[in-house]
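**Student:** need a 3D model of the sequence below.
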Amino acid sequence: MKAIVVLFTMVGILIAGGFESSEVKNGNFHIYTVDNKDANIRPKMIEDALKSNGFLIGENANIQAELLHIYKEDNFKIYNNISFYHKDITLKLLNKHSDAGVLVPMGMVVYQHIGEDDLHIVVVRADMQAKVIGVKPQELQTLEVAILKVITTLFPTAIHTYNDESKAQPREFLTKYTLDFKDADFEDVREELEENFEEKFTKAGFAMPSYFDLAEGLGKDSPYDFYVTYAICKMDVLRVVIKVNPEVPVLGPCTTMIYKKKNEKKIVMGFASIYNWISSANIEDKVAVDGLLETQRIYEAILKDVTKTNK
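**Tutor:** As a prediction, the model looks like this:
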């Protein structure tokens with residue numbers, strides 16, 4: 001039932017108003033730059049290094065190949081988005097904080113333009129992720145350190161920088177909806193919900209490159225009856241965003257969490273708000289902004305529909 005589409009993740013970003021000054025300094029992205037003039041470095045090397053250090057891979061998506069195949073665009077030698085999570089650190093965090101599911105999986109962008117000698121590896125800072133899920137940055141530092149150690153061990157000469165500091169932050173970091181039920185069997189409710197969810201996103205032109213059922217990994221003492229996540233993307237929006245800023249898709253995959261806590265008669269669905277991310281990269285391109293805002297609108301409409309939310 002869960003189709004695995006070899007596409008990739010998408011990204012989200014921006015809202016037209018309601019901003020406050022950002023607290024995050026030095027930008028929201030770690031950027032590592034390494035010489036790849038001889039083309040010896042490939043994204044598979046990074047995938048293998050992540051696997052060797054306790055990470056599970058959702059997808060190592062070759063976006064460069066997709067852009068060339070679908071849109072006949074060839075601006076990159078390499079453009080991959082690797083979605084992943086740590087099998088121990090991430091799941092411990094998830095058992096403690098329900099909203100942490102929007103980081104399962106999280107993304108890493110690996111890209112190199114045609115005519116460029118340098119390859120770039122981009123990871124979201126813990127500060128940004130902490131704001132999205134409503135925790136202190138310190139709670140994500142163990143995960144951040146583990147990710148950065150993989151990169152610096154593999155590429156000890158890489159130059160570490162950040163993207164530009166964001167000028168503002170959005171009013172809403174997380175979009176959530178709840179499906180309440182009373183006497184119905186929650187497994188039946190869940191099955192219908194997920195089927196409707198998948199059908200509507202597919203009809204709307206989205207791809208779902210990865211799906212995780214996390215129940216077993218969360219352990220017998222987990223506070224959840226079930227917890228699943230979907231990575232979701234929209235290639236036409238991604239294509240426009242990459243032209244404006246190739247680092248931004250690190251904010252993908254647009255992961256949707258669906259879970260039910262024990263002893264509760266409700267199922268919660270949520271995702272990191274698409275329009276809350278573009279401030280992180282200061283995107284101003286109208287075509288990109290319009291596409292991303294429309295994606296947020298469609299996303300919300302589908303979640304409202306499947307949870308029977310009227311607001």
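
**Student:** in the helix or strand containing Lys304, what's buried?
**Tutor:** Element membership of Lys304, judged by DSSP states H and E, is helix 286-307. Within helix 286-307, the residues that count as buried by 16 or more other Cβ atoms under 10 Å are 288-289, 291-293, 295-296, 298-300, 302-303, 306-307. (Glycine included, C-beta is placed from N, CA and C.)

**Student:** average pLDDT across that helix?
**Tutor:** Helix 286-307 carries an average pLDDT of 92.

**Student:** how about stretch 147-164?
**Tutor:** Stretch 147-164 comes out at a mean pLDDT of 96.

**Student:** who touches that stretch?
**Tutor:** By Cβ atoms under 8 Å, 6 or more residues apart in numbering, the residues outside stretch 147-164 that reach it are 26-35, 41, 45-46, 49-50, 53, 55, 108, 121, 123, 125, 247, 280-282.

**Student:** pLDDT weak spots in this protein?
**Tutor:** For the chain, residues meeting the criterion pLDDT under 70 lie at 1-25, 166-171, 276-277, 310-311.

**Student:** quick one, helices of it?
**Tutor:** 43-51, 63-71, 89-96, 126-133, 141-154, 186-203, 215-218, 235-244, 278-281, 286-307 (DSSP state H).

**Student:** now tabulate the ones you listed in JSON lines and tack on distance to Tyr227.
**Tutor:** Listed next are the helices of the chain as JSON lines, based on distance: least, Cβ to Cβ, whole Å:
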{"stretch": "helix 43-51", "distance to Tyr227": "22"}
{"stretch": "helix 63-71", "distance to Tyr227": "28"}
{"stretch": "helix 89-96", "distance to Tyr227": "7"}
{"stretch": "helix 126-133", "distance to Tyr227": "14"}
{"stretch": "helix 141-154", "distance to Tyr227": "18"}
{"stretch": "helix 186-203", "distance to Tyr227": "11"}
{"stretch": "helix 215-218", "distance to Tyr227": "6"}
{"stretch": "helix 235-244", "distance to Tyr227": "27"}
{"stretch": "helix 278-281", "distance to Tyr227": "26"}
{"stretch": "helix 286-307", "distance to Tyr227": "16"}
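
**Student:** okay, the ones you listed, which one's buried deepest?
**Tutor:** Comparing the helices of the chain by mean neighbour count (mean count of other Cβ atoms under 10 Å), helix 278-281 ranks first with a mean of 26.

**Student:** let's see stretch 222-236 as PDB, backbone CA atoms only.
**Tutor:** Below are the C-alpha coordinates for stretch 222-236, written out as PDB (Å, rounded to 0.1, in the frame of the first residue of the first chain):
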ATOM      1  CA  SER A 222       6.600   3.900  24.000                       C
ATOM      2  CA  PRO A 223       3.800   6.300  24.800                       C
ATOM      3  CA  TYR A 224       2.200   5.600  21.400                       C
ATOM      4  CA  ASP A 225      -0.100   3.000  20.000                       C
ATOM      5  CA  PHE A 226       1.400   3.800  16.600                       C
ATOM      6  CA  TYR A 227       3.700   6.400  15.100                       C
ATOM      7  CA  VAL A 228       4.300   6.700  11.300                       C
ATOM      8  CA  THR A 229       5.900   9.300   9.100                       C
ATOM      9  CA  TYR A 230       5.800  10.100   5.400                       C
ATOM     10  CA  ALA A 231       8.400  12.000   3.400                       C
ATOM     11  CA  ILE A 232       6.500  14.000   0.800                       C
ATOM     12  CA  CYS A 233       7.700  16.200  -2.100                       C
ATOM     13  CA  LYS A 234       6.500  18.100  -5.200                       C
ATOM     14  CA  MET A 235       9.100  18.100  -7.900                       C
ATOM     15  CA  ASP A 236       7.800  21.100  -9.900                       C
END
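
**Student:** that'll do, ta.
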